[in-house]
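1. only the shape, not the letters, is given here:
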């Protein structure tokens, strides 16, 4: 294992015309961290995530995943990252099994290894009954689980989860939390964005808040929960104070 | 080279082809069979041979080329546009594909579908006795190169289009007219001098003539010009598509 941080973002800027979506963000996430990225809708969370994964082209700045530049060495960098996006960016006629199979193939995983990995993920996410059901026919929770399976097919070092439990019922959410905790305890670095702040409080050990494209707070969970406050209370205080500036 | 990734792209397109088999394979074969029947058995029997070549043998390479063009263009354009529409393209963008590999993957998939259609139409042609292959290697070169050209045009249109209707623009206003005016059903010796000169400026004339010369050995074009046109288009369009993928035009935000 290298000594590089899991993720280093240096002076990241992303502009859409005159609009600045991400405004000079710098962030370092150490290996093994469970990192919560919070912020209101349109704050720049997804743009930052898309810049890491290659869906968005940064205007300036540098992003390193395990020391690998995501622009200059993009092929290598992409093997290190798994993404479960907020929106269902899939072929709705494909089944969960096919989605994992195609994605595993894209990552260059040989057939036998891919098949074993698909079976493992299908079982882990309790998708056995639905493995051959078209994505469009699945419930919201099953869709989320299929997306997670797809994100994990190549066992990435860094897993990025953008609203992974949106539309997932309470039981399934707790099951998913247990799995994410288990993965993190096994050494995987996870970045999580969520509007469910109890989820962040339960899972994350490092937290940053982004608003108007800038990091406005960054610290450990303990720092966010000092004086007996919940993450939600601290979050609201920070966002409200930001609005009054 | 990400060979497994490229094979997966190809496999996915073949599965997609068979998912809508009536549209992708059955329709072009029926269409080609009708052309062959009408021009071979109905009209062809009343038309004199061209330099010792039956009319159906003269027309068949053009019909085959028409089907290859349509299959290749439709495969690349609909596949990529659908991926843009559903954002499924992000699966490719976050995977370890170079821009050249993306080109090879999309073009290879479209060419494979086109060759599948071509193979089926060749089978129909055999039933009507319309098949000869004078230069098999040149035949493979021409159909593969033509399929690649239209796959790349399909990619460009799929990137440009903002609606399903716009996907049809190039086909309706450029490909279809130039194909039919490219001498697939007639010899340019039938045309007045000005029309014949204009036909020689139509790249589709060289596509049809190349396929025809490889199949029946009859040619009306300067084959050197034809090769320059075809190879030039492959290189130019390939470079353009790689540039568009690298710039992220319409696929990266």
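-> Here it is on my side, so go on. Just so we're clear, the structure is a prediction, and the values are computed from it rather than from any experiment.
2. return the residues in contact with the residue nearest to residue A:189 when sequence neighbours are not counted.
-> Excluding the flanking residues, the one nearest residue A:189 by CB to CB, 6 or more residues apart in numbering or on different chains is residue A:6, at 3.8 Å. Heads up, the C-betas are built off the backbone N, CA and C, glycines and all. Contacts for residue A:6 (CB atoms under 8 Å, 6 or more residues apart in numbering or on different chains) come out as A:29-33, A:65-66, A:157-158, A:189.
3. can you name the two of those that are farthest apart?
-> Greatest spatial distance among the contacts of residue A:6 (CB to CB): A:32 and A:65, at 14.5 Å.
4. the more surrounded of these two?
-> Using other CB atoms under 10 Å in any protein chain shown, the more surrounded residue of residue A:32 and residue A:65 is residue A:65, with 27 against 15.
5. which other helices and strands does the top helix by length along chain A contact?
-> Secondary structure of chain A read by DSSP state H shows that its longest helix is helix A:170-185. Under the contact criterion of 3 or more CB pairs under 8 Å, 6 or more residues apart in numbering or on different chains; DSSP states H and E, helix A:170-185 touches strand A:34-38, helix A:140-152, strand A:189-193, helix A:197-203.
6. again, only using 10 Å
-> When contacts are defined as 3 or more CB pairs under 10 Å, 6 or more residues apart in numbering or on different chains; DSSP states H and E, helix A:170-185 packs onto strand A:34-38, helix A:111-124, helix A:140-152, strand A:158-162, strand A:189-193, helix A:197-203.
7. so which of the ones you listed is nearest residue A:104?
-> Nearest to residue A:104 among the helices and strands packed on helix A:170-185 is helix A:111-124 (4.0 Å), distances taken as CB to CB.
8. give me the contact status of the closest one with chain B.
-> Yes. Helix A:111-124 lies within reach of chain B by CB under 10 Å from any CB of the partner chain, at A:111, A:114.
9. follow-up on the earlier one: including mean pLDDT and mean neighbour count, could the helices and strands packed on helix A:170-185 go into JSON lines?
-> Output for the helices and strands packed on helix A:170-185, formatted as JSON lines (pLDDT from 0 to 100; neighbours: other CB atoms under 10 Å in any protein chain shown):
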{"stretch": "strand A:34-38", "mean pLDDT": "95", "mean neighbour count": "26"}
{"stretch": "helix A:111-124", "mean pLDDT": "96", "mean neighbour count": "16"}
{"stretch": "helix A:140-152", "mean pLDDT": "92", "mean neighbour count": "23"}
{"stretch": "strand A:158-162", "mean pLDDT": "95", "mean neighbour count": "24"}
{"stretch": "strand A:189-193", "mean pLDDT": "95", "mean neighbour count": "24"}
{"stretch": "helix A:197-203", "mean pLDDT": "92", "mean neighbour count": "18"}
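10. quick check on residue A:214: phi, psi?
-> The phi/psi pair for residue A:214 (degrees, to the nearest 10) reads phi -120, psi 150.
11. contact partners for it?
-> When the contact criterion is CB atoms under 10 Å, 6 or more residues apart in numbering or on different chains, the partners of residue A:214 are A:20, A:22-25, A:39, A:43-44, A:242.
12. SS state for the closest residue to residue A:106 other than its chain neighbours?
-> Here the nearest residue to residue A:106 in space, its sequence neighbours aside, is residue B:95; by CB to CB, 6+ apart that works out to 3.7 Å. Classification of residue B:95 by DSSP: H, G, I helix; E, B strand; the rest coil places it in coil.
13. residue B:95 and residue A:105 touch, don't they?
-> Yes. Between residue B:95 and residue A:105 there is a contact under CB atoms under 10 Å: 9.0 Å.
14. common neighbours of the two, please.
-> Common contact partners of residue B:95 and residue A:105 (CB under 10 Å, 6+ apart): B:2, B:5, B:8-9.
15. the inter-axis angle of the helix or strand of chain A with the lowest mean pLDDT versus strand A:34-38?
-> Sorting the helices and strands of chain A by mean pLDDT, DSSP states H and E puts helix A:231-244 at the bottom, at a mean of 82. Interaxial angle, helix A:231-244 versus strand A:34-38 (axes from the mean of the first three to the mean of the last three CA atoms, to 10 degrees): 40 degrees.
16. mind listing what's buried along helix A:231-244?
-> For helix A:231-244, a neighbour-count test (16 or more other CB atoms under 10 Å in any protein chain shown) marks A:231, A:234-235, A:238-239 as buried.
17. and what of stretch B:100-117?
-> Of the residues in stretch B:100-117, B:101-117 count as buried by neighbour count, 16+ other CB under 10 Å.
18. repeat that for stretch B:22-37.
-> When neighbours are counted by 16+ other CB under 10 Å, the buried residues of stretch B:22-37 are found to be B:24-25, B:27-28, B:32-33, B:35-37.
19. need these in JSON lines (columns: distance to chain A).
-> Shown next, in JSON lines, are those (distance: CB to the nearest CB, whole Å):
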{"residue": "B:24", "distance to chain A": "14"}
{"residue": "B:25", "distance to chain A": "18"}
{"residue": "B:27", "distance to chain A": "19"}
{"residue": "B:28", "distance to chain A": "22"}
{"residue": "B:32", "distance to chain A": "28"}
{"residue": "B:33", "distance to chain A": "29"}
{"residue": "B:35", "distance to chain A": "32"}
{"residue": "B:36", "distance to chain A": "33"}
{"residue": "B:37", "distance to chain A": "35"}
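20. any figure for the gap between residue A:52 and residue A:107?
-> Look at residue A:52 and residue A:107: by CB to CB, to the nearest Å, they are 16 Å apart.
21. and for residue A:160?
-> 15 Å.
22. if we can go back for a sec, now the longest helix of chain A: mean pLDDT?
-> The pLDDT scores in helix A:170-185 average 90.
23. can you check what angle separates it from strand A:34-38?
-> Orientation check (the same axes, to 10 degrees): helix A:170-185 against strand A:34-38 gives 130 degrees.
24. quick one: contacts of helix A:170-185?
-> Applying CB under 10 Å, 6+ apart, the contact partners of helix A:170-185 are A:32-35, A:124-126, A:139-142, A:144-145, A:148, A:152, A:155, A:159, A:161, A:164-169, A:188-190, A:192, A:196, A:198-199, A:202-205.
25. so what's the gap between it and the chain middle?
-> Centre-to-centre, helix A:170-185 and its host chain are 14 Å apart (CA atoms, centre = their mean, to the nearest Å).
26. helix, strand, or coil at residue A:155?
-> Assigned with three-state DSSP, residue A:155 falls in the coil class.
27. could you find the closest non-adjacent residue to it?
-> The shortest distance from residue A:155 to any non-neighbouring residue, by CB to CB, 6+ apart, is to residue A:117 (7.6 Å).
28. ok, residue 77 - contacts?
-> Looking at chain A here, since you left the chain open. A:52-54, A:63-71, A:158, B:96.
29. I was thinking of chain B, sorry if that wasn't clear
-> B:110, B:150-151, B:153-161, B:167-168, B:170-171.
30. how about a cut-off of 7 Å?
-> By CB atoms under 7 Å, 6 or more residues apart in numbering or on different chains, the contact list for residue B:77 reads B:154, B:157-158, B:167.
31. contacts only, for the residue in chain A that chain B sits nearest to.
-> Residue of chain A nearest chain B, by CB to the nearest CB: residue A:105 (2.8 Å). Counting by CB under 7 Å, 6+ apart, residue A:105 touches A:114, B:4-5, B:7-8.
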